[in-house]
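Student: Got a sequence here, can you build the structure:
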Amino acid sequence: MAIATIKGTVVAESDETIIIEGNHYFPPAAVKSEFFSDSDHSTVCGWKGTASYYDITIDGETSQNVAWYYSEPLEKAAEITGYVAFYPAVKVQA
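Tutor: Just a heads-up that it's a prediction; the model follows:
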């Protein structure tokens, strides 16, 4: 079971994460969407495609761009479509 927490709050948990490049990608259903909001930020990975980002808000305090996902990844990364990964501000324990 992998559990993602920030500021002591669990924001995702699953026993079906996919690990790529050392990051746990959580299935969309494993993410507690009430803490997430869309960000305008995006980045591009040469083999995964364009990543979109989420901000996470806990108790009125927002951590910007701390989660990312690929809504339309390139073919090599199709298995992580919609899955969410986190920057180190969010602690992932597995």
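Student: Could I get the full set of strands for this structure?
Tutor: Remark: strands assigned in the chain by DSSP state E are 2-6, 9-14, 18-20, 23-25, 36-45, 49-58, 61-69, 84-86, 91-93.
Student: what's the fourth one packed up against?
Tutor: Helices and strands in packing contact with strand 23-25 are listed as strand 18-20, strand 84-86; criterion 3 or more Cβ pairs under 8 Å, 6 or more residues apart in numbering; DSSP states H and E. (Each C-beta comes from the backbone N, C-alpha and C, glycine too.)
Student: which residues sit against the last one?
Tutor: What that stands for is strand 84-86. Outside of strand 84-86, the residues that reach it under the criterion Cβ atoms under 8 Å, 6 or more residues apart in numbering are 4, 12, 20, 23-26, 28, 31, 54, 66-69, 92.
Student: just so I know, which of the strands of the chain lies nearest residue 76?
Tutor: For the strands of the chain, the distance to residue 76 is smallest for strand 49-58, at 9.0 Å, taking Cβ to Cβ.
Student: surely residue 30 meets residue 11?
Tutor: No: using Cβ atoms under 8 Å, residue 30 makes no contact with residue 11, being 9.7 Å away.
Student: Pick the most buried one from the strands of the chain.
Tutor: Across the strands of the chain, averaging neighbours per residue (mean count of other Cβ atoms under 10 Å) puts strand 84-86 on top, at a mean of 25.
Student: quick one: average confidence on it?
Tutor: Taken as a whole, strand 84-86 has an average pLDDT of 98.
Student: Could I get the helices and strands packed on strand 23-25 in JSON lines, plus columns for distance to residue 41?
Tutor: Conversion of the helices and strands packed on strand 23-25 to JSON lines gives the following (distance: least, Cβ to Cβ, whole Å):
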{"stretch": "strand 18-20", "distance to residue 41": "20"}
{"stretch": "strand 84-86", "distance to residue 41": "14"}
